[in-house]
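Asker: Predicted structure and sequence below. I'll ask about it afterward.
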Amino acid sequence: LKTGARGVVDAYVSASIGSKKARTKVVKRTDQPRFDHDFRLPVADGTLALTIKVKNKGVLGNQLLGEATVPLVEIASYGDVGSQKWCRLHAKNGGVGDLGEVEVTVAWVYDRKYARSAARLLAGAGALLSAAGGALVRRTQAAKVEEEDEDEARGEDAWMLAEEEEPPLKLTSKEQEEVDERRAAGVMVADRRLDELQNALDRRMERGDYQVQVHVIECRDLKGE
């Protein structure tokens, strides 16, 4: 670790993906800051990048010594096996220079806890659809039984009708309209409940299907003021 004229630095490393952030402890007054710190950051948008910042903790404020970015698509390509690498630090405005490096191991980890909660929500949605479909079938069958009972009651006096007359085999337009209305009402209720389930799922999706596991190892060649 190379330090500036003002001496050694009290270094720490922070990492972020979108609004999710984590940081290491501060390693004080050393020219070889080694952290060996692990944390996980949830992924809600795979198009983002992991931002790593190395800072010097000061009395009057923290000084940014340099930062590096690693696209999430690159981390995803490593899978849960991960990759250990040295990341060259650059200035916040993207300026180049010899600002040092930070060594990290990054891995793409499946979020099992989220998967279980999502599975429960989806299972609930499936059960709702099944229940709605079953209720629709039962209502239709009940309507059909009622119609058959009416036909049977009329059949007691069927000898009074002409022999060639037969009961209708199709629903009347009014009966079909009632069945369609019941079906539409059932679908509306199911859709509303599915929207509620999807909203709950979306809120939980903030944690993401996956997490990035970060192990901050050490820094070298940092430049303090």
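Answerer: Arrived safely, thanks for sending.
Asker: okay, CA-based contacts and neighbour counts for the rest of this
Answerer: Fine.
Asker: now the strands: where do they sit in the chain?
Answerer: Taking DSSP state E to define them, one finds strands in the chain at 9-17, 20-23, 27-30, 34-43, 49-56, 63-71, 83-88, 101-110, 210-220.
Asker: Make TSV out of those and add distance to Glu178 and mean pLDDT.
Answerer: What follows is the strands of the chain, written out as TSV (distance: least, Cα to Cα, whole Å; pLDDT from 0 to 100):
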stretch	distance to Glu178	mean pLDDT
strand 9-17	54	95
strand 20-23	53	95
strand 27-30	74	89
strand 34-43	48	93
strand 49-56	55	96
strand 63-71	57	94
strand 83-88	63	95
strand 101-110	49	94
strand 210-220	48	94
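Asker: Include mean neighbour count and distance to Val187 when you put these into TSV, please.
Answerer: Written out in TSV, the entries for these read as follows (neighbours: other Cα atoms under 10 Å; distance: least, Cα to Cα, whole Å):
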stretch	mean neighbour count	distance to Val187
strand 9-17	23	40
strand 20-23	15	39
strand 27-30	15	60
strand 34-43	19	34
strand 49-56	22	41
strand 63-71	19	43
strand 83-88	16	49
strand 101-110	22	35
strand 210-220	21	33
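Asker: Export these as JSON lines, with columns for distance to Glu177.
Answerer: Supplementary listing: these in JSON lines, determined by distance: least, Cα to Cα, whole Å:
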{"stretch": "strand 9-17", "distance to Glu177": "54"}
{"stretch": "strand 20-23", "distance to Glu177": "53"}
{"stretch": "strand 27-30", "distance to Glu177": "75"}
{"stretch": "strand 34-43", "distance to Glu177": "49"}
{"stretch": "strand 49-56", "distance to Glu177": "55"}
{"stretch": "strand 63-71", "distance to Glu177": "56"}
{"stretch": "strand 83-88", "distance to Glu177": "63"}
{"stretch": "strand 101-110", "distance to Glu177": "49"}
{"stretch": "strand 210-220", "distance to Glu177": "48"}
